[in-house]
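*Asks:* Everything below, folded, please.
(one chain, ligands or ions: 1)
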Amino acid sequence: MLTPGWLLAQFDGHRGPRVLAGVPCSYVSGLYSELEGDPRYIPATIEGEAVAMAAGAWLAGSWGVALGQNSGLGNMVNPLTSLIEPYRIPLLLGISRRGWPAGTDEPQHRLTGRNTPELIRACGLEPETLRSEPAEAAGQLSAALARIEARQPSALVIEKNVIGPGSDPVPPCPAESEPAVAARPLAVRAGRTPTRTEVIAEVRRVTGDRVTVASTGYTGRELYALDDRPASFYMAGSMGYAAAIGMGIALTSGAPVTVLDGDAALLMHLGILVNVGRHVRTPFLHVLLDNGVHESTGGQRAAGDGLDFAALALHCGYRAAWSCHGTDAIVQALSQALSVADGPVFVHCHIRRGYPDRLPRLAEPLPDLAQRLRDCLTAQPGPASVKPSVPVARGGTR
Ligand SMILES: Cc1ncc(C[n+]2csc(CCOP(=O)(O)OP(=O)(O)O)c2C)c(N)n1
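*Replies:* Got it, this is the predicted structure:
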């Protein structure tokens, strides 16, 4: 049997991951207790979020581990198939296997338990069962690391009693939730309602060389059409995970990050607001382009029309948030938002429907777009690289 401390020690050192994120499972509760004391650990709100954060960690020059019970595999399918595989982003997946051996567990785990390897395979990863002998497990982990360095993902399936209980209860990392700058969102109304293009152009104008993660659909395509550059990441899929990718980048690099989100996309995985609010302590501008609809699929009504997203963000620990109606209000809010350097800020922009004619699709292969962002974030200091504006707060070693 492996001990949690031994297992995590295998991830120490400069080749170790900068982000470990996941949702717990009772089969490996000792591992999760041990992780509570690890500054790299983020308790994900949903397993797919852990995958997206791990992707962000790789884009910023390190790599990440996404952990979950096999019942959470369904929650990982979307980012595994529409982010990890098409952009060729490596990560280590650790999946504990409830419902296995067959007939030993509760009925809700029966189907997933039986089909866990096939489900992982269907997502484009080759599963391997973690051995309980430390020497064998160490070999598997170093093989996984070699694959990650060769830009291939790895998946380890963890059966019951392979990882033992932790030694002593580990004190959790202290919660990082200082009071927000403002107790209420700042509501500003000035000017006419802008289009998505106008807001994106203004954000790009004021954010300079910042890394920018743009959400699925027209948002990414408009940014690409307007201002293609290595420091931008256009999401072709993984709807709702823009801020999780941005968070993985922020935690790994310390570089200032801008996220351009859609209202329906953010609603799909609202939980990320909690993790960004609690864990990001570097400049992080989260811009919501809210047209009240799923415009990219034809303008169907989105579920959160009228919702006060800025209040939600503040409640989740963002340093400040603005709710903007009108171009002038957005310009004003952005300039104030960019003066906050020690954590995330949220700018909720109400926009008009509409998109440019003949909007191009991404012409470069997706793996190349991912690689050029990583190159940009890991380049030696120079004019083309994106420099951290504050020291990286999170260590890679324990
Ligand atoms: C998981 C998932 N469900 C549905 C889609 C199809 N889809 C692509 S973009 C989009 C709408 C996004 O709406 P919003 O975030 O509000 O941005 P908008 O299109 O309005 O700019 C949808 C439903 C998808 N890509 N992924």
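
*Asks:* For N291, give me its contacts.
*Replies:* For N291, the contacting residues are R196, D263, H350, I351, R352, R353, by CB atoms under 8 Å, 6 or more residues apart in numbering. C-beta: built from backbone N, CA, C; applies to glycine.

*Asks:* Provide a ChimeraX selection command restricted to the buried entries of these.
*Replies:* Remark: buried members of the contacts of N291, expressed as a ChimeraX selection using 16 or more other CB atoms under 10 Å:
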select :196,263,350,351
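
*Asks:* where exactly do the helices run in this protein?
*Replies:* 4-9, 29-36, 47-59, 73-79, 110-122, 134-149, 196-207, 218-227, 242-253, 263-268, 272-279, 309-315, 327-337, 366-378 (DSSP state H).

*Asks:* right, and those - which one's nearest A190?
*Replies:* Across the helices of the chain, A190 has its closest neighbour in helix 327-337 (3.7 Å, CB to CB).

*Asks:* How about L8: what's its closest non-neighbour residue?
*Replies:* E34 (5.7 Å; CB to CB, 6 or more residues apart in numbering).

*Asks:* Residues of the chain that sit close to the ligand?
*Replies:* Residues of the chain lying close to the ligand (CB under 6 Å from any ligand atom) are 78, 215-219, 237, 239, 262-265, 291, 293-297, 302.

*Asks:* Please report how far the closest residue to D105 other than its chain neighbours lies from E106.
*Replies:* Nearest residue to D105, sequence neighbours excluded (CB to CB, 6+ apart): G99, at 4.6 Å. Distance of G99 to E106, computed by CB to CB, to the nearest Å: 8 Å.

*Asks:* Okay, the most far-flung residue of the chain relative to its centre and R114: tell me how far apart.
*Replies:* Relative to the centre of the chain, the most outlying C-alpha is that of G103, 35.7 Å out, by CA atoms, centre = their mean. Counting by CB to CB, the separation of G103 from R114 is 10 Å.

*Asks:* do C123 as well
*Replies:* On the measure of CB to CB, C123 and R114 end up 17 Å apart.

*Asks:* These two - which one has more neighbours?
*Replies:* Legend: neighbour count by other CB atoms under 10 Å for C123 and R114, higher for C123 (21 against 17).

*Asks:* can you give me phi and psi for the more buried one?
*Replies:* Backbone geometry at C123, expressed as degrees, to the nearest 10, gives phi -90, psi 0.

*Asks:* quick one: contacts for the nearest residue to it once chain neighbours are set aside?
*Replies:* Using CB to CB, 6+ apart and skipping the chain neighbours, the partner closest in space to C123 is L80 (4.0 Å). Applying CB under 8 Å, 6+ apart to L80 gives the contacts V51, L93, C123, G124, L125.

*Asks:* Out of those, flag the one nearest to A138.
*Replies:* Nearest member of these to A138, counting by CB to CB, is L93, at 18.4 Å.

*Asks:* which non-adjacent residue is nearest the closest one?
*Replies:* Among residues not flanking L93 along the chain, A155 sits closest, at 4.2 Å (CB to CB, 6+ apart).

*Asks:* Tell me how far that neighbour lies from the ligand.
*Replies:* 21 Å (CB to the nearest ligand atom, to the nearest Å).

*Asks:* in terms of contact, does that residue touch I120 like I think?
*Replies:* Yes. The pair A155 / I120 is scored as a contact, 5.0 Å apart, by CB atoms under 8 Å.

*Asks:* Identify the contacts common to those two.
*Replies:* L93, I95, E126, P127.

*Asks:* Just the ones of those residues in strands?
*Replies:* Among those, the ones falling in strands (DSSP state E) are L93, I95, P127.

*Asks:* how about the first one, what does it touch?
*Replies:* L93 makes contact with 51, 65-68, 76, 80, 120, 125, 153-156, according to CB under 8 Å, 6+ apart.

*Asks:* Redo those residues as TSV? Include pLDDT.
*Replies:* As requested, the contacts of L93 are exported to TSV (pLDDT from 0 to 100):
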residue	pLDDT
V51	99
V65	98
A66	98
L67	98
G68	98
M76	98
L80	98
I120	98
L125	98
P153	98
S154	98
A155	98
L156	98
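
*Asks:* quick revisit: the residue nearest to L93 bridge partners, please.
*Replies:* Listed beta-bridge partners, A155: L93, P127 (assigned using DSSP bridges).

*Asks:* Next, count neighbours for the residue of the stretch 201-350 of the chain found nearest the ligand.
*Replies:* Proximity to the ligand, evaluated over the stretch 201-350 of the chain using CB to the nearest ligand atom, is greatest for G262 at 2.1 Å. G262 has 29 neighbours, counted by other CB under 10 Å.

*Asks:* Check it and give its pLDDT.
*Replies:* Note on G262: pLDDT of 98.

*Asks:* isn't it right up against T216?
*Replies:* Yes. G262 is within contact range of T216, at 7.2 Å (criterion: CB under 8 Å).

*Asks:* Now do the shared contacts for those two.
*Replies:* S296.

*Asks:* so what strands line up beside the helix or strand of the chain with the lowest mean pLDDT?
*Replies:* Of all helical and strand segments in the chain, the minimum by mean pLDDT, DSSP states H and E falls on strand 186-189, at a mean of 84. According to DSSP bridges, strand 186-189 has the following sheet partners: strand 320-325 (parallel).

*Asks:* ok, back up a step: need the contact list for the residue nearest to L93.
*Replies:* L92, L93, G94, I95, I120, L125, E126, P127, E128.

*Asks:* In the stretch 101-250 of the chain, where is pLDDT below threshold?
*Replies:* Along the stretch 101-250 of the chain, the model assigns pLDDT under 70 to residues 167-183.

*Asks:* Quick one, which of the residues of the chain next to the ligand are buried?
*Replies:* Applying 16+ other CB under 10 Å to these flags 78, 215-219, 237, 239, 262-265, 291, 293-296, 302 as buried.

*Asks:* Based on its surroundings, how many neighbours for the nearest residue to R361 once chain neighbours are set aside?
*Replies:* Spatial nearest neighbour of R361, excluding adjacent residues (CB to CB, 6+ apart): R221 at 6.6 Å. As a burial measure, R221 scores 20 neighbours (other CB under 10 Å).

*Asks:* you'd agree R221 is up against A363?
*Replies:* No. Under the criterion of CB under 8 Å, R221 makes no contact with A363, lying 11.1 Å away.
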